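Visitor: based on what follows, work out the 3D shape:
(one chain, ligands or ions: 1)
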Amino acid sequence: MTSSTTDFAITRNESPKTEAERAEILANPGFGVHFTDHMATVEFTEEQGWHSPRVEPYGPLQLDPAACVLHYAQEIFEGMKAYRHADGSVWTFRPEKNAARMRRSAERLALPQVPEDVFLEAIKELVKIDEVWVPDASTGEASLYLRPFEIATEAFLGVRPAKEARYCVIASPAGPYFPSGVKPVDIWVSRNYHRAAFGGTGFAKCGGNYAGSMAAQVEAAEHGCAQVMFLDDREEKWVEELGGMNLFFAFSDGRIVTPPTGGTILEGVTRMSLVELARDAGHEVEERPISIDEVKAGIEDGSLTEVFACGTAAVITPVGSFKDGDDVWTVGGEGRSEELEESYPVTMKLRTTLTDLQYGRAEDTKGWLVRLV
Ligand SMILES: *Cc1c(COP(=O)(O)O)cnc(C)c1O
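Guide: Residues are numbered from 1 along each chain as shown. As a prediction, the model looks like this:
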């Protein structure tokens, strides 16, 4: 091989979206519905290792119908964002954490691990060529959502880890996750379904975890809830997380509790960053098991004042209530203020601290930002 694994061959899209089409999409991008003009791909075979890095027009994949991913779900993914700062530069947040997590996910799913430089270079090349798709800073909370993923492509129906795989990155402009402003979300406590089991794939970011959570999501919607909270599968007592977001609990004495990531909980980059930012802000942060009973009791006696969920896509979302069967626990009580800065002061302050850092409105004293363009 003459070229290195990070030397991406570029094939420009000959019919990209017109400026007018792009402007219309960027004016109202939604989430995950529109995609940029290009995608990045790197192939893996046992003989060649990672090879054929390229950026090419966005479009359908060619896969053998017997490709392992379609039968045994050998698939993992990541979720990141590119943020435009006021000076026009484009940055991403702690990508080495995503690269490391993707390697851990790969290990669990017996997929080949994408090296960190390949992971990151694919993102850089894609964002560079599709830079015009990164929403402008003035919109406040818009970004280019990045979706790296890896699939097993080998055509083989026997059950063993695939020997061929593909790493791709696609990108999708994203408006603010809550177009009409941040609103507390109502949570359904899942009793019929668990997201993860001890020894299972809970810590891996794999499509299979999401496939298994959809029925619970449907059940939640039937009960008027937008999100599901999963409990541990052994005692059905300990709070784990939502289908795609980690949870934090803030007490009136300033303590903040989040469940520990012991194999069944996804190790969120937002989660680990907020633990650090909350400590910097003077909170005592406890990473320890918290039971659904402690949550209910805390809401009832007023000691648990705020609950929020976090993840890259929605950043931080206040939790308004928990519905467990026919019973409802309203965080902050029925009479809580509609003004989130009043009813969720800890949540909203952490949200501002994090987004100011990501959008370059505050100094990056931690070196968490990596420049893409
Ligand atoms: C991706 C994900 C999160 C959030 O992780 P971030 O790195 O903060 O985006 C939380 N829970 C699950 C199940 C996830 O898949």
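Visitor: which residues of the stretch 151-300 of the chain lie near the ligand?
Guide: 205, 241, 244-246, 266, 268-271 (C-beta under 6 Å from any ligand atom). C-beta here means a position set from N, CA and C on the backbone, and glycine is covered the same way.
Visitor: which among those count as buried?
Guide: Buried subset of these (neighbour count, 16 or more other C-beta atoms under 10 Å): 205, 241, 244-246, 266, 268-271.
Visitor: follow-up on the earlier one: of the residues of the stretch 151-300 of the chain next to the ligand, closest to Ala99?
Guide: Closest approach between those and Ala99, by C-beta to C-beta: Val269, at 10.7 Å.
Visitor: quick one: the closest residue to that closest one other than its chain neighbours from Phe8, how far?
Guide: In this structure, Val269 finds its nearest non-sequential neighbour in Lys97, 4.6 Å apart by C-beta to C-beta, 6 or more residues apart in numbering. From Lys97 over to Phe8 the distance is 23 Å, taken as C-beta to C-beta, to the nearest Å.
Visitor: now swap in Asp130 and tell me
Guide: Distance from Asp130 to Phe8, by C-beta to C-beta: 13 Å.
Visitor: same question, Pro95
Guide: Counting by C-beta to C-beta - Pro95 and Phe8 are separated by 16 Å.
Visitor: check Lys81 too.
Guide: Distance from Lys81 to Phe8, counting by C-beta to C-beta: 21 Å.
Visitor: pick out whichever of these two has more residues nearby.
Guide: Phe8 (24 against 19; other C-beta atoms under 10 Å).
Visitor: I figured the more buried one was touching Ala122, is that so?
Guide: Yes: using C-beta atoms under 8 Å, Phe8 is in contact with Ala122, at 7.2 Å.
Visitor: between these two, which contacts overlap?
Guide: Both Phe8 and Ala122 are contacted by 40, 53, under the criterion C-beta atoms under 8 Å, 6 or more residues apart in numbering.
Visitor: now do the closest residue to the ligand within the stretch 51-200 of the chain, the pLDDT please.
Guide: Nearest to the ligand, among the residues of the stretch 51-200 of the chain, is Gly79, at 5.1 Å (C-beta to the nearest ligand atom). In this prediction, Gly79 carries a pLDDT score of 98.
Visitor: could you find the closest non-adjacent residue to it?
Guide: According to C-beta to C-beta, 6+ apart, the nearest residue to Gly79 is Thr312 (4.8 Å).
Visitor: hang on, the earlier thing: contacting residues around the residue of the stretch 51-200 of the chain closest to the ligand?
Guide: 98, 145-147, 205, 311-313.
Visitor: now do Phe178
Guide: Residues in contact with Phe178 (C-beta under 8 Å, 6+ apart) are 314, 317.
Visitor: can you tell me the SS state at the residue lying closest to Thr261 once chain neighbours are set aside?
Guide: In space, and not counting its chain neighbours, Thr261 is closest to Glu267: 4.6 Å by C-beta to C-beta, 6+ apart. Three-state call for Glu267 (DSSP: H, G, I helix; E, B strand; the rest coil): coil.
Visitor: go ahead and confirm Glu267 touches Phe203.
Guide: Yes: between Glu267 and Phe203 a contact is recorded at 6.2 Å, counting by C-beta under 8 Å.
Visitor: spit out the residues that contact these two alike.
Guide: Residues touching both Glu267 and Phe203 (C-beta under 8 Å, 6+ apart) are Thr261.
Visitor: how is the protein carved up into domains?
Guide: 5-174, 185-357 (automatic domain parsing).
Visitor: endpoint to endpoint, the shortest one covers what distance?
Guide: Looking back up the chat, that one is domain 5-174. 30 Å (C-alpha to C-alpha, to the nearest Å).
Visitor: do the longest one as well
Guide: For domain 185-357, the first and last residues are 24 Å from each other (C-alpha to C-alpha).
Visitor: for Ser143, give the beta-bridge partners.
Guide: Here Ser143 sits in beta bridges with Ala174, going by DSSP bridges.
Visitor: just checking, what packs against the lowest-mean-pLDDT helix or strand in the chain?
Guide: Every helix and strand of the chain was ranked by mean pLDDT, DSSP states H and E. The lowest is helix 340-343, at a mean of 94. Other helices and strands packing on helix 340-343, by 3 or more C-beta pairs under 8 Å, 6 or more residues apart in numbering; DSSP states H and E, are helix 345-358.
Visitor: which other helices and strands contact the helix it packs on?
Guide: helix 269-280, strand 304-311, strand 315-324, helix 340-343.
Visitor: how far does that helix sit from its chain's centre?
Guide: 17 Å (C-alpha atoms, centre = their mean, to the nearest Å).
Visitor: what residues of it count as buried?
Guide: Neighbour-count burial for helix 345-358 [16+ other C-beta under 10 Å]: 346-348, 350-351, 353-355, 357-358.
Visitor: report the angle between the axes of it and helix 269-280?
Guide: 110 degrees (axes from the mean of the first three to the mean of the last three C-alpha atoms, to 10 degrees).
Visitor: quick one: contacts of helix 345-358?
Guide: 81, 83, 91, 93, 141, 182, 250, 256, 270, 273-274, 277-278, 281, 283, 305-306, 308, 315-316, 318, 340-341, 361-362, 364, 366, 368-369.
Visitor: the ligand contacts on the stretch 1-150 of the chain?
Guide: Applying C-beta under 6 Å from any ligand atom, we find that the stretch 1-150 of the chain lies next to the ligand at Gly79.
Visitor: mind listing the helices for the stretch 1-150 of the chain?
Guide: With DSSP state H, counting those that start in this stretch, the ranges of helices along the stretch 1-150 of the chain come out as 19-27, 68-72, 95-108, 116-129.
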